[in-house]
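Colleague: could you work out the structure for the sequence below:
(2 chains)
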There are 2 protein chains.
Amino acid sequence: MGIEWIGLDADDTLWHSEGHFTDALQLFCEQVGPYAVPGANLAGHLDAVERRNLAVFGYGVKAFTLSMIEAAVDVTDGHVPGHVIANLVERGKVMLDHPVELLDGVAEIVSDLSRHFQLAVITKGDLVHQERKLTSSGLCEHVHVVEIVSEKDPATYRRILARHRIAVDGFVMVGNAIRSDVLPVLAIGGRAVHIPYEQTWAHEHADHDHDVPTLASIRELPGWIDAHA
Amino acid sequence: MGIEWIGLDADDTLWHSEGHFTDALQLFCEQVGPYAVPGANLAGHLDAVERRNLAVFGYGVKAFTLSMIEAAVDVTDGHVPGHVIANLVERGKVMLDHPVELLDGVAEIVSDLSRHFQLAVITKGDLVHQERKLTSSGLCEHVHVVEIVSEKDPATYRRILARHRIAVDGFVMVGNAIRSDVLPVLAIGGRAVHIPYEQTWAHEHADHDHDVPTLASIRELPGWIDAHA
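Modeller: This is a model prediction of the structure:
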């Protein structure tokens, strides 16, 4: 069956995201470092706190900000000053309010694809933040379905496809994360295309032995679809 | 047209919620109070911070926890100790992980109603938290549609009804919040039933001059529907 629906991941597929977390990590180290107990591994501890909190906080900037605050108290043995805590909260707000910066080619390619295919943006993270980014992205008019989910596993994709009566063999998912955008879609019998981003959160790395089509940029997507649809 | 779809709010309509925020406010006052600057209005300041942050943080426990932390730094002029900050983060986790306590009559009435009507749970808040509460509520098998949204305004209800092909004159929304569950539904031509909860967040109060049907408990809902469907 030919491709009728294209699923698009959002963070680091349509717009830049991971860089804001990397910048926040740098702020965390600069601000918290002077108060940390000797030998503390700031980045390592934050990463551990973040992963431990995923199950209860979920994904997104608010979860990350709370983990920064928890880690700041931990690595300073409670001696982090209030103004540093305030700066971490403030950074969370800046991240939530940051203007969307589309990746190269996204505006043009998404508009082109929408003339021939149904497009579904499928993304995880903060509900209010993802909605704001979508609204300000200018892409909404080209997108037929938006699904903001708490986790991208096979059951999630199955539910989304059923809800919108999308045939799995007419669906291809496009994204930068092997773990979230590729493997669960292959698991339910769909197709997936990987477009790596310059930085990937370690949590999204995944070992696998699938032969996944990999593109250098979304600009190569229409050509890939022409060859495979 | 008779009623075909019933929309149900979740927090403080299906299960207890506001009490956990009231308890957290008490913890905030107990823990932060000893370090507050003289004359500080702890509850008043937290409420102000929370409202100011709504636009950027949205609703839910993670937003509330971040606002508690911001307010704690504010009212102590930065002197809140790290262990108090850690206790506030911990309280956020406890709230997110708290077992769902259904309101009296909910399990029975929701099950009964699902035999004659299509049920849609429409709720705002943390995506991951609301999903967890729904899953552990035992209500999922009776519910046909779940919509977790960032704001409940007329446009939101219009979008949900369109997405699920629900006729507005066959729809009634049931909830504890005049501002979120009643007025926006009346605004799009639907019906709404108010079931006040014992406590209501001040933000959800709203003046209006509609004659809104008000029930003492969800146990009265089937009777009201029989009389009005």
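
Colleague: per-domain residue ranges of chain A.
Modeller: Using automatic domain parsing, the domain parsing of chain A gives A:5-16+A:101-228, A:18-97.

Colleague: tell me which element residue A:85 is part of?
Modeller: Residue A:85 belongs to helix A:82-97 when assigned by DSSP states H and E.

Colleague: what comes into contact with the following helix or strand past that helix?
Modeller: Per DSSP H and E, the first helix or strand lying C-terminal to helix A:82-97 is helix A:106-113. The contact list for helix A:106-113 (C-beta atoms under 8 Å, 6 or more residues apart in numbering or on different chains) reads A:6, A:8, A:14-15, A:119, A:138-139, A:142-143, A:218-219, A:221-222, A:225. All C-beta spots, glycine's among them, are computed from the backbone N, C-alpha and C.

Colleague: taking those together, which two end up most distant?
Modeller: A:138 and A:225 (22.2 Å; C-beta to C-beta).

Colleague: more neighbours: which of these two?
Modeller: residue A:225 (19 against 14; other C-beta atoms under 10 Å in any protein chain shown).

Colleague: where's that one relative to residue A:170, distance?
Modeller: Distance of residue A:225 to residue A:170, given as C-beta to C-beta, to the nearest Å: 12 Å.

Colleague: ditto for residue A:194
Modeller: For residue A:194 relative to residue A:170 (C-beta to C-beta), the value is 19 Å.

Colleague: nearest spatial neighbour of residue A:93, chain-adjacent residues omitted?
Modeller: Leaving aside its sequence neighbours, residue A:93 sits nearest to residue B:56 (C-beta to C-beta, 6 or more residues apart in numbering or on different chains; 5.3 Å).

Colleague: burial measure for that neighbour, as a count.
Modeller: 19.

Colleague: also residue A:12?
Modeller: Counted with other C-beta under 10 Å, residue A:12 comes out at 23.

Colleague: now do residue A:208
Modeller: Neighbours around residue A:208, by other C-beta under 10 Å: 11.

Colleague: quick check: pLDDT value at it.
Modeller: Residue A:208 is assigned a predicted lDDT (pLDDT) of 78.

Colleague: look up the closest residue to it, ignoring the ones flanking it.
Modeller: Per C-beta to C-beta, 6+ apart, closest to residue A:208 is residue A:183, 5.9 Å.

Colleague: spit out the contact partners of the one you found.
Modeller: Counted by C-beta under 8 Å, 6+ apart, residue A:183 has contacts A:192, A:206, A:208, A:210.

Colleague: same for the helix holding residue A:85, what does it pack against?
Modeller: Contact analysis of helix A:82-97 by 3 or more C-beta pairs under 8 Å, 6 or more residues apart in numbering or on different chains; DSSP states H and E lists helix A:18-32, helix A:61-75, helix A:127-137, helix B:42-57, helix B:61-75 as its packing neighbours.

Colleague: mind listing what's buried in stretch A:8-25?
Modeller: A:8-18, A:20-21, A:24-25 (16 or more other C-beta atoms under 10 Å in any protein chain shown).

Colleague: stretch A:121-139 too?
Modeller: Buried residues in stretch A:121-139 (16+ other C-beta under 10 Å): A:121-134, A:137, A:139.

Colleague: spell out which parts of chain A neighbour chain B.
Modeller: A:53, A:56-59, A:62-63, A:65-66, A:69-70, A:72-74, A:76-83, A:85-86, A:89, A:92-93, A:96-97, A:126-129, A:131, A:148-150 (C-beta under 8 Å from any C-beta of the partner chain).

Colleague: which of the residues you listed are buried?
Modeller: Buried, going by 16+ other C-beta under 10 Å: A:53, A:56-59, A:62-63, A:65-66, A:69-70, A:72-74, A:76, A:80-82, A:85-86, A:89, A:92-93, A:96, A:126-129, A:131, A:148-150, out of the residues of chain A next to chain B.
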